[in-house]
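Engineer: take this sequence and fold it.
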Amino acid sequence: MMALTPLHQKLAWWPPGFNPLLFEDAEKVVRTSDHFNDVEAVCKFFLDPSIAETILGGRQKHWLNAFLKGLCRDKGIPVPRCDSLESKAREIVDIVRGPSPSGEGWNGFWVPLALTPVTTVTTLDITPIAARFDAGPHSALLKIPFSHLTSWLSGFRNRFISNFFDNMFNLSSILAQKVSENNDFKDALVLLLQASLVSGKAPWLFH
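Structural biologist: All right, here's what the predicted structure looks like:
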């Protein structure tokens, strides 16, 4: 059985002539390559999981068995029982890509409420708000596996990442609207951003 190379050794692991931005190249590797490392790299970083599962489901049973056993051995996990080629393919992709982020992720729609009424917001009041304001998005992003982020950057859908950025942009729009309507709210928001800087994190939302 072909051994799988540890991730830290896979700095030059793409097959010769492979363009990771071309779906045709990725499909060919997953459909025909006998090198587990090449198939793992493509599935992990560039193929939508449902597409990878469909393509792998067309591979021969003995090849899928060898790939699945190798993955489980290297990761120190039991080999799952799979009754069909499709289920084997799904297990392989799930192991390679890692778990999806859980929960609905982050949103900052509580921020406008926390800054209201603006006439009562002080520097002392703003410190815990700023801490929560900073911690939320950073915590949410840390839950996203790198493979999911690179796949999303390559154009494939990821609900968690899309929701995160949608919520971030929506919050920016809400805050901008409130600033235009109320100068006092602008002052409170400035306090929030200053507190964010003091905590050591830049006000990422307004970069």
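Engineer: helix or strand right after the worst-scoring helix or strand of the chain on mean pLDDT?
Structural biologist: One helix or strand of the chain scores below all others by mean pLDDT, DSSP states H and E: helix 146-153, with a mean of 73. Toward the C-terminus, helix 146-153 is succeeded by helix 159-181 as the next helix or strand (DSSP states H and E).
Engineer: alpha carbons of that following helix, as PDB, please.
Structural biologist: Extracted in PDB, the C-alpha atoms of helix 159-181 (Å, rounded to 0.1, in the frame of the first residue of the first chain):
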ATOM      1  CA  ARG A 159     -22.000  28.300   3.600                       C
ATOM      2  CA  PHE A 160     -20.100  29.100   6.800                       C
ATOM      3  CA  ILE A 161     -17.600  31.500   5.100                       C
ATOM      4  CA  SER A 162     -20.300  33.100   2.900                       C
ATOM      5  CA  ASN A 163     -22.500  33.800   6.000                       C
ATOM      6  CA  PHE A 164     -19.500  35.200   7.900                       C
ATOM      7  CA  PHE A 165     -18.700  37.800   5.200                       C
ATOM      8  CA  ASP A 166     -22.300  38.500   4.400                       C
ATOM      9  CA  ASN A 167     -22.900  39.300   8.100                       C
ATOM     10  CA  MET A 168     -19.700  41.400   8.200                       C
ATOM     11  CA  PHE A 169     -20.700  43.600   5.200                       C
ATOM     12  CA  ASN A 170     -24.200  43.900   6.400                       C
ATOM     13  CA  LEU A 171     -23.000  45.100   9.800                       C
ATOM     14  CA  SER A 172     -20.800  47.600   8.100                       C
ATOM     15  CA  SER A 173     -23.800  49.000   6.200                       C
ATOM     16  CA  ILE A 174     -25.900  49.200   9.300                       C
ATOM     17  CA  LEU A 175     -23.300  51.000  11.300                       C
ATOM     18  CA  ALA A 176     -22.600  53.400   8.400                       C
ATOM     19  CA  GLN A 177     -26.300  54.200   8.200                       C
ATOM     20  CA  LYS A 178     -26.600  54.900  11.900                       C
ATOM     21  CA  VAL A 179     -23.500  57.100  11.800                       C
ATOM     22  CA  SER A 180     -25.200  59.200   9.000                       C
ATOM     23  CA  GLU A 181     -28.300  59.500  11.100                       C
END
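Engineer: next SSE downstream of it?
Structural biologist: helix 183-198.
Engineer: got the buried residues for that following helix?
Structural biologist: Using 16 or more other Cβ atoms under 10 Å as the test for burial, helix 183-198 gives F185, K186, A188, L189, L191, L192, L193, A195, S196. Using the backbone N, CA and C atoms, a C-beta is placed for each residue, glycine as well.
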